[in-house]
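Colleague: sequence and predicted structure are below.
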Number of protein chains: 2
Amino acid sequence: ARPRVGYFYTGQTLDSLFAEQIQKMKVRDYLSFPAVIKESASAYEAVCDMFLEDVGSLFVIDEKNHLVGVVSRKDLLRTAIGTQDMNQVPVGMIMSRMPITYCRSDDMVIEVAEMLMAREIDSMPVVRDAADGLEVVGRMTKTNITKAFVELVEGIPDES
Amino acid sequence: ARPRVGYFYTGQTLDSLFAEQIQKMKVRDYLSFPAVIKESASAYEAVCDMFLEDVGSLFVIDEKNHLVGVVSRKDLLRTAIGTQDMNQVPVGMIMSRMPITYCRSDDMVIEVAEMLMAREIDSMPVVRDAADGLEVVGRMTKTNITKAFVELVEGIPDES
């Protein structure tokens, strides 16, 4: 790796040096394990899973394990204060259905950060292509972004 | 301000240059407007406020407007699926009571990021001293941290 002490000649602004370092941060190094639920599961089961997994949203999959949507704490809270029976309403009824925002392992963390901000969402699934759909392989949230931000100060690991 | 193009002699590592720029980011420039609720309000009112304000937690204040705790979507969801009447349970009964984690306007954003990660929380109030307690003046969440991260790449504004 390039020596990182002393003189630099860069022809770049300090800001563009930052940008370069930040662009090296890839989703694959920061993603979390995804929490998924079948679309046929009940809203009540979703609440329980959310507590057990300690997450704010669950990615919803069909019987082929393909991504079909996302259900948030907010969706469940709205159902809980409504008149429907939490044990009877399937997740597929109250979720946000595809197309939802997702990313891939080789995307940059900063792109995900920009999408989370622009779309005012808290998380997105990390996916890969399956036979005839998308398979969920991870989860990116503002927690993962915050972790990346903290690591910028603690020192970015050298690539050597 | 110091010219930011061409040669730098720094005697510093690139990482410590990053650290320096990041440490200039202060809470006062990134905080959001706080969403607060009285401890005597019902859990049901808290759910409604959370939807109206579109936040994941509310800071709880007493009759003197002093911070006494925080109530999260998770606390409300736990109550909603329980046997208690959401209209009867006061927020003061289901909140996390002080001491809770808070910060101040002149703290660094990175310190807040580190605290959010270490304590596994999503937000904290920004406070200032009042006569005999703490007054809530803002809110720092992982959304504010994500915004700071995105701005690092878009270019940190010059101080001149």
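Modeller: Yep, that arrived.
Colleague: contact partners for residue A:154?
Modeller: For residue A:154, the contact set (CB atoms under 8 Å, 6 or more residues apart in numbering or on different chains) is empty. C-beta: built from backbone N, CA, C; applies to glycine.
Colleague: swap in residue A:148?
Modeller: Contacts of residue A:148 by CB under 8 Å, 6+ apart are A:25, A:30, A:109, A:113, B:149.
Colleague: one more time with 7 Å
Modeller: A:25, A:30, A:109, B:149 (CB atoms under 7 Å, 6 or more residues apart in numbering or on different chains).
Colleague: is it correct that the first one is in contact with residue A:109?
Modeller: Yes: with contact taken as CB atoms under 7 Å, residue A:25 and residue A:109 are classed as touching, separated by 4.2 Å.
Colleague: which one of those two has more residues nearby?
Modeller: residue A:109 (26 against 21; other CB atoms under 10 Å in any protein chain shown).
Colleague: thinking again about what came up before, what is the most widely separated pair among the contacts of residue A:148?
Modeller: A:30 and B:149 (11.5 Å; CB to CB).
Colleague: neighbour count: the two, which is higher?
Modeller: Shown here are residue A:30 and residue B:149; by other CB under 10 Å, residue B:149 has more neighbours (29 against 19).
Colleague: ok so that one is a helix residue?
Modeller: Yes: counting by DSSP: H, G, I helix; E, B strand; the rest coil, residue B:149 is part of a helix.
Colleague: just give the closest residue to it, not the sequence neighbours.
Modeller: residue A:149 (4.6 Å; CB to CB, 6 or more residues apart in numbering or on different chains).
Colleague: how many other residues sit next to the residue nearest to residue A:30 when sequence neighbours are not counted?
Modeller: Distances taken as CB to CB, 6+ apart place residue A:144 nearest to residue A:30, at 4.6 Å, with adjacent residues excluded. A count of nearby residues for residue A:144, using other CB under 10 Å, gives 24.
Colleague: what residues are up against residue A:144?
Modeller: Residue A:144 neighbours (CB under 7 Å, 6+ apart): A:30, A:31, A:32.
Colleague: make it 10 Å
Modeller: Counting by CB atoms under 10 Å, 6 or more residues apart in numbering or on different chains, residue A:144 makes contact with A:27, A:29-32, A:109, A:112-113, A:116, A:123, A:126, A:138, B:142, B:146.
Colleague: repeat for residue A:44
Modeller: A:76, A:79, A:80, A:85, A:86, A:87, A:88, A:89, A:91, B:81.
Colleague: in the strand or helix carrying it, which residues are buried?
Modeller: Assigned by DSSP states H and E, residue A:44 belongs to helix A:43-53. By neighbour count on 16 or more other CB atoms under 10 Å in any protein chain shown, the buried set for helix A:43-53 is A:43, A:44, A:45, A:46, A:47, A:49, A:50.
Colleague: and for stretch A:19-35?
Modeller: Neighbour count says stretch A:19-35 has A:19, A:21, A:22, A:25, A:26, A:27, A:30, A:31, A:34, A:35 buried, by 16+ other CB under 10 Å.
Colleague: return the subset of these lying in helices.
Modeller: Under the assignment DSSP state H, those contribute A:19, A:21, A:22 to helices.
Colleague: so the last one sits against residue A:108, correct?
Modeller: Meaning residue A:22. Yes: because the distance of 7.9 Å satisfies CB atoms under 10 Å, residue A:22 is recorded as touching residue A:108.
Colleague: okay, and the common contacts of those two?
Modeller: Common neighbours of residue A:22 and residue A:108 (CB under 10 Å, 6+ apart) are residue B:153.
Colleague: may I have the secondary structure class of the residue most central in space within chain A?
Modeller: Per CA atoms, centre = their mean, the C-alpha nearest to the average position across chain A is that of residue A:140, at 2.2 Å. Following three-state DSSP, the label given to residue A:140 is strand.
Colleague: contacts only, for it.
Modeller: So residue A:140 contacts A:27, A:30-32, A:34, A:101-103, A:107, A:109, A:112-113, A:115-116, A:123-126, A:148 (CB under 10 Å, 6+ apart).
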